[in-house]
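[1] I need the structure of the sequence given here:
(2 chains)
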Amino acid sequence: MRRGEAGVNPLAALGRGLRGLRWYVRALAGETRWDDYLAHCAEHGHQPVSRREFEQCRADARASSPQSRCC
Amino acid sequence: MPSTFAPPPGGTTPDPGDAPTTGRRRPTPASIALWVGVALVGAVAWSVLAISRGEQISALWILFAALASYAIAYRFYARFIATRVLRVDDRRATPAERLENGLDYEVTDRRVLFGHHFAAIAGAGPLVGPVLAAQMGYLPGTIWIVVGVIFAGAVQDMTVMFFSIRRDGKSLGQMVREEIGPVGGAAALVAVFAIMIIILAVLALIVVNALAESPWGVFSIALTVPIALFLGVYLRYLRPGRVLEATAIGVVLLLLAIVGGGYVQQMGLAESLTLSKETLVVALVVYGFIASVLPVWLLLTPRDYLSTFMKIGVIVLLALALLIARPVLANDAVTTFALEGNGPVFAGSLFPFVFITIACGALSGFHALIASGTTPKMIQKESQVRLIGYGGMLMESFVAISALIAASVIDQGVYFAMNSPAGATGGTPESAAEFLAGIGISTPPETIAATAAAVQEDIVSRTGGAPTLALGIAQIFNSAFGGSLMAFWYHFAIMFEALFILTAVDAGTRVGRFMLQDTVGNVWKKFGDLSWKPGTYIASAVVVGAWGGFLYLGVTNPLGGVNQLFPLFGIANQLLAAIALTLVTTLLIKHGRAKYAWVPGIALAWDLTTTMTASWQKVFSDNPKLGFFAQRDAYADARANGELLGPAKDMDQMDQIITNSTINGFLQAFFAVLVLVVLANALVVIARALRAGGLPTTEVPAVESRIVAPSGLFATEEEKRAMAEHEQALSGASR
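    Residues are numbered from 1 along each chain as shown, chains lettered A, B, ... in the order given. Next up is the predicted model:
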């Protein structure tokens, strides 16, 4: 994706905007962590654990360090 | 972000002697024109707000004044703080990079972390505070929300975050202990815990006030629990990790729960769901205890997803609706209550109480707990504290401004009928109209009754701010999006507020329990073991019991829980900010940067002035409406003479007021003393540091960063080039 396309093709710009939004919302929800983990495993030649195990591990970590929510 | 897991860039290491930031560039004519334009918009909007008296003006002026001010502050002041005061250094690896473990230390994209940080700091505070402060008119609130965030709130969040980053993400309490001293540290720890209890009690009080005698509200909010449980199971077993899909299902179910609430009458549930405040207190306490001991994945995490997405959705929707509806302000710029200090919502005059009441939208000490700890462990680059710390707080301030607008566009008679304690209004539209006439507002009882009918709730003395905000939001949404959905929007807004207040109560109870287990664990090891169930149960019960107790006192207080407890909550929050700002000021001086100590210093000085004045008045004022002990004496004297003093209806209520006022007065004094202890301890350290020209600190040594990432929301051309070069160097190295 090079700069300049946006000015020429509004559909491409819209598509890029939507992809960006989708990435953002997924990242905010933490779903991209799984993708990152798979990529990381592939890069280092590890055998990834199952999605369920991965998410449980993350959930357990969250349980041991709760974040307070402000007033 | 492929660069996140990158090996060293080999050879492209900048010289450690380099200036940490790129040199100052000459501003282009386009950027000069842009900022002159922004400044002009701001100046015009502020002038309109300042000059209009008596005529009807659009609420959008407030919005524009705020946005233009934020933009200028972010562009210039926040940048000055980053480069000159803190000297952020992107060549240093952040804790997220150095200690990455994929769990709490996790390098996170700046825009995503901005979302997380904002979701953690934004809660009911910035919504409720401005609503209550609207009793003084829209102008004092607007000015303090904007000026306060620029010079105090955002500065606190940004600087605390920075110093925590330089200390591996240490918490506020730890930093005070290590950098100021054990005495200050102990005082800070007690203050944090006590203030958290008060905050939880007041938050719960807001929910109780919104749900009491409201079967529709109770029905919808009660359903959030099974919905969250279902999502928890869904995410754990059915479709692990599919958060968005689960959240979407959750939001649909929530909307159904709100719509369904409108039919409680037909379902024959109205009577059994019409709960008194006392019943709701018991329900909340039981709920809080169970939520604190259940595994987080089952209830807390899914509820958090729901509340985060609802929160962001509603805030965006509200901003849009304001632009479409362009409502006119019904509130006065400055009411007589601001000057005379005799407002029915809460007592006290503009100075210092507007600063206490608004709290979170302008300066919130509680943010220092989030800015130290969680966020610093995830940040990619030091320079991003400007976006996440300063920018995140600007966003919170914007939420506060929206809330202030929502409270200022509704009929002011209705506003005071809703927010004055039941002892004053008598609880019916007729008696409320009489009360309003007494304070110089002529609103016919029909107006109040019609508003109540539109939202299908009793609205007289629905204190706490949440119902008023819900009414304001409903009115704005209704006029922006058409239709006659007042009742739906009202309950939608109540749901939105209750949802994240309950999340805050769950999370806060759990954090409080961990703090208690950790602290007691120092003397009784077994208790500190988080897997030891009896310890968990005892600590949870203590925390829930503490806030539940306060909640009960507030709910049953004949003088009105919000009227009595909200100032205590506001002062407590601002005192916590004083501790955070004291820490930051001390640290700057210890680092030998006394020259810039004025940046947190002015915020600290103002915060101490307002909170200490307010504390003094709440403790020592002779006015029984203002001073807790004067109030206690007035009721005790009357009690001794066998007389009843309104709004108490019998001697039991007299006793209750006497007890409550005494407890509140002592607590108020206790908080102020704790802060003064921290301050005194800090002054000793500051004096030593000034004499020595700086002192050693616990800052961790610099480790060179291997990440290249932008600082701001959008990457500049220069940053894009640097990232591309870095990427190239990496692929070259790995080939």
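[2] Identify the residues contacting stretch B:75-83?
    B:20-21, B:35, B:88, B:150-151, B:154-155, B:158-159, B:383, B:385-386, B:390-391, B:599 (Cβ atoms under 8 Å, 6 or more residues apart in numbering or on different chains). (C-beta placed from N, C-alpha, C; glycine too.)
[3] Please apply the same query to stretch B:545-555.
    Under Cβ under 8 Å, 6+ apart, the answer for stretch B:545-555 is B:197-198, B:200-202, B:204-205, B:208, B:277-278, B:280-281, B:284-285, B:288, B:505, B:509, B:561-562, B:564-565, B:659-660, B:663.
[4] what's the answer for stretch A:45-64, then?
    By Cβ under 8 Å, 6+ apart, stretch A:45-64 touches A:30, A:33-34, A:37-38, A:40-41, B:103-104, B:235-237, B:240-241, B:295-297, B:301, B:530.
[5] Can you classify residue B:461 by secondary structure?
    Following DSSP: H, G, I helix; E, B strand; the rest coil, we place residue B:461 in the coil state.
[6] Kindly apply the preceding question to residue A:33 instead.
    Quick answer, by three-state DSSP: residue A:33 is helix.
[7] what's the closest non-adjacent residue to residue B:315?
    Nearest non-adjacent residue to residue B:315, counting by Cβ to Cβ, 6 or more residues apart in numbering or on different chains: residue B:399, 5.8 Å away.
[8] Toward the C-terminus, what is the element adjacent to the longest helix along chain B?
    Secondary structure of chain B per DSSP state H: the longest helix is helix B:651-692. Downstream of helix B:651-692, the first helix or strand assigned by DSSP states H and E is helix B:717-734.
[9] Report the buried members of the contacts of stretch A:45-64.
    A:30, A:33-34, A:37, B:104, B:235-236, B:240-241, B:296-297, B:301, B:530 (16 or more other Cβ atoms under 10 Å in any protein chain shown).
[10] pLDDT (mean, whole number) over stretch B:513-521?
    For stretch B:513-521, mean pLDDT rounds to 92.
[11] Residue B:161 - how many residues pack around it?
    Neighbours of residue B:161 under the rule other Cβ atoms under 10 Å in any protein chain shown: 29.
[12] Pretty sure it sits against residue B:373.
    No. Residue B:161 is beyond contact range of residue B:373, at 9.7 Å (criterion: Cβ atoms under 8 Å).
[13] quick one: contacts for the most centrally placed residue in chain A?
    Centroid-nearest residue in chain A: residue A:32, 1.9 Å away (criterion: Cα atoms, centre = their mean). Taking Cβ under 8 Å, 6+ apart, we find residue A:32 in contact with A:23, A:26.
[14] so what secondary structure elements neighbour the top helix by length along chain A?
    Longest helix in chain A, counting residues (DSSP H): helix A:10-28. Contacts defined by 3 or more Cβ pairs under 8 Å, 6 or more residues apart in numbering or on different chains; DSSP states H and E place helix A:10-28 against helix A:5-8, helix B:110-121.
[15] highest average neighbour count across these?
    By mean neighbour count, with neighbours taken as mean count of other Cβ atoms under 10 Å in any protein chain shown, helix B:110-121 ranks first of those at a mean of 23.
[16] Contacts made by the helix or strand following that one with the rest, please.
    The helix or strand immediately downstream of helix B:110-121 is helix B:125-133, counting by DSSP H and E. The set of residues external to helix B:125-133 that reach it, using Cβ under 8 Å, 6+ apart, is A:70-71, B:140-141, B:144-145, B:206, B:345-346, B:354, B:357-361, B:364, B:366, B:396-397, B:399-401, B:403-404, B:406-407, B:419, B:464-466, B:468-469, B:472, B:497, B:562, B:566, B:570, B:573.
[17] quick one on the thing from earlier: check the offset of the longest helix of chain A from the chain's centre.
    Mean-position distance between helix A:10-28 and its chain equals 13 Å (Cα atoms, centre = their mean, to the nearest Å).
[18] Contact partners for residue B:660?
    Here residue B:660 is in contact with B:553, B:557, B:559, B:564 (criterion: Cβ under 8 Å, 6+ apart).
[19] With residue B:392 instead?
    So residue B:392 contacts B:114, B:117, B:118, B:121, B:157 (Cβ under 8 Å, 6+ apart).
[20] that's a helix at it, yeah?
    Yes. According to three-state DSSP, residue B:392 belongs to a helix.
[21] what's the spacing between it and residue B:137?
    The spacing between residue B:392 and residue B:137, counted by Cβ to Cβ, to the nearest Å, is 28 Å.
[22] shouldn't residue B:594 be in contact with residue B:691?
    No. Contact status for residue B:594 versus residue B:691: not in contact, 11.0 Å apart, counting by Cβ under 8 Å.
[23] I'd say residue B:115 and residue A:30 touch.
    No. Using Cβ under 8 Å, residue B:115 is not in contact with residue A:30, being 10.9 Å away.
[24] To what extent is residue 50 buried, counted in neighbours?
    Since you didn't name a chain, this refers to chain A. Residue A:50, neighbours per other Cβ under 10 Å, totals 9.
[25] should've been chain B
    By other Cβ under 10 Å, the residues close to residue B:50 number 12.
[26] and the residue lying closest to residue B:361 once chain neighbours are set aside, what element?
    Distance criterion Cβ to Cβ, 6+ apart; nearest residue to residue B:361, sequence neighbours excluded, is residue B:400 at 2.4 Å. In this structure, residue B:400 is located in helix B:392-409 according to DSSP H and E.
[27] who's in contact with residue B:239?
    Going by Cβ under 8 Å, 6+ apart, residue B:239 touches B:245, B:246.
[28] what do you get for the one 10 residues further on?
    By Cβ under 8 Å, 6+ apart, the contact list for residue B:249 reads B:231, B:234.
[29] ok, residue B:425 - how many residues close by?
    Neighbours around residue B:425, by other Cβ under 10 Å: 24.
[30] so it sits right up against residue B:463, yeah?
    No. Using Cβ under 8 Å, residue B:425 makes no contact with residue B:463, being 9.7 Å away.
[31] hang on, the earlier thing: out of the contacts of residue B:392, which touch chain A?
    residue B:121 (Cβ under 8 Å from any Cβ of the partner chain).
[32] Do I have it right that residue B:320 meets residue B:476?
    No. Counting by Cβ under 8 Å, residue B:476 is not a contact partner of residue B:320; they are 10.0 Å apart.
[33] Between the two, point out the one with more neighbours.
    Just comparing residue B:320 and residue B:476: by other Cβ under 10 Å the higher neighbour count belongs to residue B:476, 27 against 14.
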